[in-house]
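Peer 1: Got a sequence here, can you model it:
(one chain, ligands or ions: 1)
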Amino acid sequence: MAEQILLVEDEEKLARMVELELHYEGYAVTKAFDGRSGLEKALSGAFDLILLDIMLPGLSGMEVLRRIRKESQIPIIMLTARDTVMDKVAGLNSGADDYITKPFAIEELLARIRAALRKQNAPAVTEEILTAGPLTLNVSRHQVLVGESEVELTRREFDLLRYLLANKGRVISRESLLDHVWGYDFVGETNAVDVYISFLRSKLDDPFHIKLIHTVRGVGYVIKED
Ligand code: CA
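Peer 2: Purely as a prediction, here's the structure:
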């Protein structure tokens with residue numbers, strides 16, 4: 001389905017020209033010629049992106065922007081005839097994603113539109129990184145480093161290390177590790193935790209001559225920076 005663009009621009013000739021170009025690129029375009037109707041359409045939720053002129057009759061583009069932002073995080077590119085730093089700063093502070101100064105080359109506008117839509121559609125990647133001393137665990141990359149060296153871990157070893165690191169400095173009981181890493185329905189050897197801790201030590205502590213995983217006798221395990 002074509003992406004829907006709302007164009008709020010009172011200069012009808014310019015609006016018509018932009019509309020034709022956007023149609024040609026495969027976008028669906030709806031036009032509004034003043035601030036009030038632009039705001040009304042913008043809040044309908046029917047659009048993927050808004051091109052918003054700053055100088056508009058009725059309600060200024062800045063005011064339209066401010067009111068849209070109370071309701072929606074839709075990408076907005078401001079169109080401004082006045083190439084002044086104040087406008088740009090004010091626009092971006094009020095929540096515009098980008099701005100373009102008139103007169104603009106249509107290719108530049110298209111590039112800004114593509115960039116704004118790409119940003120909007122990109123999945124939010126949160127890189128969770130856990131560390132202890134020289135050890136770094138990157139959750140989304142499923143990667144473990146000691147210093148610069150990558151360490152290969154099985155999924156269970158990784159999950160166990162991740163849980164201990166997330167609770168760095170806290171002693172975690174075997175029962176708690178079984179619950180959180182193996183799951184409540186774990187059935188099997190109760191010394192599984194001890195076995196996997198020894199796997200981790202043989203891959204992390206021993207080869208790198210560090211001591212991160214400590215045993216607290218009768219209680220459980222804790223990762224401490226040495
Ligand atoms: Ca205008």
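Peer 1: Can you name the residues of the protein that neighbour the ion?
Peer 2: For the chain, the residues in contact with the ion (CB under 5 Å from the ion) are 10, 53, 55. In this view, the C-beta of every residue, glycine as well, is placed from N, C-alpha and C.
Peer 1: Mind checking which of those are in helices?
Peer 2: When DSSP state H is applied, these are split such that none fall in helices.
Peer 1: Mind listing residues that contact stretch 196-209?
Peer 2: For stretch 196-209, the surrounding residues in contact (CB atoms under 8 Å, 6 or more residues apart in numbering) are 134-135, 144, 146-147, 149, 151-154, 156-157, 160-161, 210-213, 215, 221.
Peer 1: meant to ask about stretch 150-167
Peer 2: Here stretch 150-167 makes contact (CB under 8 Å, 6+ apart) with 130-132, 135, 137, 139, 142-145, 172, 177, 180-182, 193, 196-197, 199-200, 203-204, 213, 221-223.
Peer 1: Show the buried residues in the residues you listed.
Peer 2: Listed as buried from the contacts of stretch 150-167 are 130, 132, 135, 137, 144, 172, 177, 180-182, 193, 196-197, 199-200, 203-204, 213, 221-223; burial here means 16 or more other CB atoms under 10 Å.
Peer 1: which residues sit in contact with the closest residue to residue 57 other than its chain neighbours?
Peer 2: Nearest in space to residue 57, with sequence neighbours left out and distances taken as CB to CB, 6 or more residues apart in numbering, is residue 34 at 4.9 Å. Residues in contact with residue 34 (CB under 8 Å, 6+ apart) are 10, 56-59.
Peer 1: Return the item of these having minimum pLDDT.
Peer 2: Across the contacts of residue 34, the member with the lowest pLDDT is residue 58, scoring 89.
Peer 1: Now do the SS call for that one.
Peer 2: Here residue 58 takes the coil state, with states given by DSSP: H, G, I helix; E, B strand; the rest coil.
Peer 1: Hmm, it is touching residue 39, no?
Peer 2: No: if you go by CB atoms under 8 Å, residue 58 and residue 39 don't touch, sitting 9.0 Å apart.
Peer 1: Looking only at neighbour counts, state which of the two leads.
Peer 2: Taking neighbours as other CB atoms under 10 Å, residue 58 and residue 39 compare with residue 39 leading, 23 against 14.
Peer 1: and that one, how far is that from the ion?
Peer 2: With distances defined as CB to the ion, to the nearest Å, the gap from residue 39 to the ion amounts to 15 Å.
Peer 1: could you check the distance from the nearest residue to that residue once chain neighbours are set aside over to residue 76?
Peer 2: Take residue 39 and drop its neighbours on the chain: the residue closest to it by CB to CB, 6+ apart is residue 64, 4.8 Å away. When distance is defined by CB to CB, to the nearest Å, residue 64 is 9 Å away from residue 76.
Peer 1: Need the overlap of contacts for those two.
Peer 2: Contact criterion CB under 8 Å, 6+ apart; residues bridging residue 64 and residue 76 by contacting each: residue 52.
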